[in-house]
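1. Following is a predicted model, sequence given first.
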Amino acid sequence: MSAAVREAALPQAQLSPRTAVGAAALAVLFAAVHYRTFAELWRVWETNDNYSHGPLVPLAAAFLVWRRRHDLAALPARPSAAGLAVVAAGCAMHVLGLRADVFALQGWSALVTLAGLVLAFCGPALTRVLAFPLAFLAFMLPFPPFVVNPLSYGLKEITVRLSTAGAEALGATLQRSGMTLYLMTGELRMENPCSGLRSLVALLATGALFAHLQPGGRWRRAVMLLAAVPIAMLGNAVRTTLLILIAHYLDVDAVEGALHDASGVLVYAVALAAMLALRAALTPRVRPAARSEVPA
């Protein structure tokens, strides 16, 4: 059966004008309620390098929904009253986040409210199909400070330990005092961007996307997701080691500015290549069917 015939055989979703108008009005109301949250979220994406990948997350989620469009069209919408309870919980989180001035809570409230609306108007079956795209949107939200601060410090401690050991093994002479490295060419301070939190968050989002699309059993998806953590940490340690070596053999000022930023982009590209290679290695090989010999 050709692709065109299969496409025609699939059930098509019927959207009445009344339903379309109602959905549009609901979307406008949702955007109006969470306008301040989305505006602040955009500002975070523009100013905080740890979440510069944020604008790509909704696009990836939209692609995942489009990818399941035929499954969605085949399922009837069965509204569920349970979704109203989820919407109420999301609204309560939103009010609490505004009153307490906790932006992370406001962001999560938008996702909870959105999930509740999908459950209320579409039903459990459609919500299950949309569960991963909805959950994936969490990667566009910033972590709360009580999570970011200890995580960033812990990552920075690991990075400094690994990079100083690697640099010394490669001939660099240095002394460490906390997060400050003293080299022959000057003083090198390990700031928060050196923690690797940016690459870790971005690669976790990439790993979750790859894991969702990974063919095979659940263990393959789990390996794909969990591998993002060591790959991100090792890549950042290698980057910091190279910067220390450049500072040792050239000058401390040489690792600032454009070189520092370019090294981060390069290391992320290498880490992404490693994720792609791992995905290829985990993908089951399909053996071609043996050709039957027809006697002449």
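-> That came through, no problem.

2. Does the residue nearest to the spatial centre of the chain belong to a helix, a strand or coil?
-> In the chain, the residue lying closest to the centroid (C-alpha atoms, centre = their mean) is Ala205, at 2.1 Å. Under DSSP: H, G, I helix; E, B strand; the rest coil, the three-state class of Ala205 is helix.

3. Tyr182 now?
-> Look at Tyr182: counting by three-state DSSP, its state is strand.

4. Number of residues surrounding it?
-> 13 (other C-beta atoms under 10 Å). Yep, even glycine has a C-beta here, placed from its N, CA and C like the rest.

5. how about it, what does it touch?
-> 174-176, 188 (C-beta atoms under 8 Å, 6 or more residues apart in numbering).

6. 7 Å instead?
-> For Tyr182, the contacting residues are 174-175, by C-beta atoms under 7 Å, 6 or more residues apart in numbering.

7. which residues does it form a beta bridge with?
-> Gln175, Glu187 (DSSP bridges).

8. where in the protein is pLDDT low?
-> 1-20, 22, 286-296 (pLDDT under 70).

9. That one: helices as residue ranges?
-> For the chain, applying DSSP state H gives helices covering 3-9, 17-33, 35-47, 56-67, 69-74, 82-100, 103-122, 124-129, 131-136, 145-169, 197-213, 218-226, 228-249, 258-282.

10. Now render those as TSV, adding distance to Met184.
-> Conversion of the helices of the chain to TSV gives the following (distance: least, C-beta to C-beta, whole Å):
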stretch	distance to Met184
helix 3-9	65
helix 17-33	57
helix 35-47	36
helix 56-67	42
helix 69-74	61
helix 82-100	50
helix 103-122	43
helix 124-129	60
helix 131-136	47
helix 145-169	12
helix 197-213	29
helix 218-226	40
helix 228-249	7
helix 258-282	19
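
11. Among those helices, which comes closest to Leu183?
-> Within the helices of the chain, the stretch nearest Leu183 is helix 228-249; the backing value is 5.2 Å (C-beta to C-beta).

12. other SSEs contacting that closest one?
-> Here helix 228-249 touches helix 145-169, strand 180-183, helix 197-213, helix 258-282, going by 3 or more C-beta pairs under 7 Å, 6 or more residues apart in numbering; DSSP states H and E.

13. Kindly recompute the last result at 8 Å.
-> Identification of packing neighbours for helix 228-249 by 3 or more C-beta pairs under 8 Å, 6 or more residues apart in numbering; DSSP states H and E yields helix 145-169, strand 180-183, strand 186-189, helix 197-213, helix 258-282.
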